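# sequence? don't have it. structure:
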């Protein structure tokens, strides 16, 4: 029971973290697009 509760907490934390980072990325769409283009050119 405790182990499954720990995994549930970890999953919730990871989901929240990913959503928060995605929102931060979308706040600066222009800079994200520029960095994506630079990365695309490097590859």
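Arrived safely. Everything quoted here is computed from the prediction, not taken from an experiment.

# contacts and neighbour counts: CA atoms only from here.
OK.

# quick one: the helices in the protein?
Here the chain has its helices, by DSSP state H, at 2-27, 29-42.

# need those in JSON lines with mean neighbour count and mean pLDDT, can you?
Output for the helices of the chain, formatted as JSON lines (neighbours: other C-alpha atoms under 10 Å; pLDDT from 0 to 100):
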{"stretch": "helix 2-27", "mean neighbour count": "11", "mean pLDDT": "87"}
{"stretch": "helix 29-42", "mean neighbour count": "11", "mean pLDDT": "77"}
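
# list phi and psi for residue 28.
Dihedral angles of residue 28 (phi, psi; degrees, to the nearest 10) stand at phi -120, psi 70.

# residue contacts, the spatially most central residue of the chain?
The residue lying closest to the centre of the chain (C-alpha atoms, centre = their mean) is residue 18, at 3.3 Å. Not one residue lies near residue 18 by C-alpha atoms under 8 Å, 6 or more residues apart in numbering.

# look up how far residue 38 lies from it.
23 Å (C-alpha to C-alpha, to the nearest Å).

# likewise residue 19?
Per C-alpha to C-alpha, residue 19 is found 24 Å from residue 38.

# kindly report the same for residue 31.
Taking C-alpha to C-alpha, one finds residue 31 at 11 Å from residue 38.

# quickly list what's touching both of these two.
By C-alpha under 8 Å, 6+ apart, no residue touches both residue 31 and residue 38.

# compute the first-to-last residue distance for stretch 22-35.
Start and end residues of stretch 22-35 are separated by 15 Å (C-alpha to C-alpha).

# let's number from 58 now, not from 1
Let's use 58 as the start, then, which means that last one is stretch 79-92.

# what about it, distance to the chain center?
12 Å (C-alpha atoms, centre = their mean, to the nearest Å).

# contacting residues around residue 89?
Residue 89 touches 82, 83, counting by C-alpha under 8 Å, 6+ apart.

# can you rerun that using 10 Å?
Counting by C-alpha atoms under 10 Å, 6 or more residues apart in numbering, residue 89 makes contact with 82, 83, 95.

# between those residues, which is closest to residue 71?
Residue 71 lies nearest to residue 82 out of the contacts of residue 89, by C-alpha to C-alpha, at 16.4 Å.
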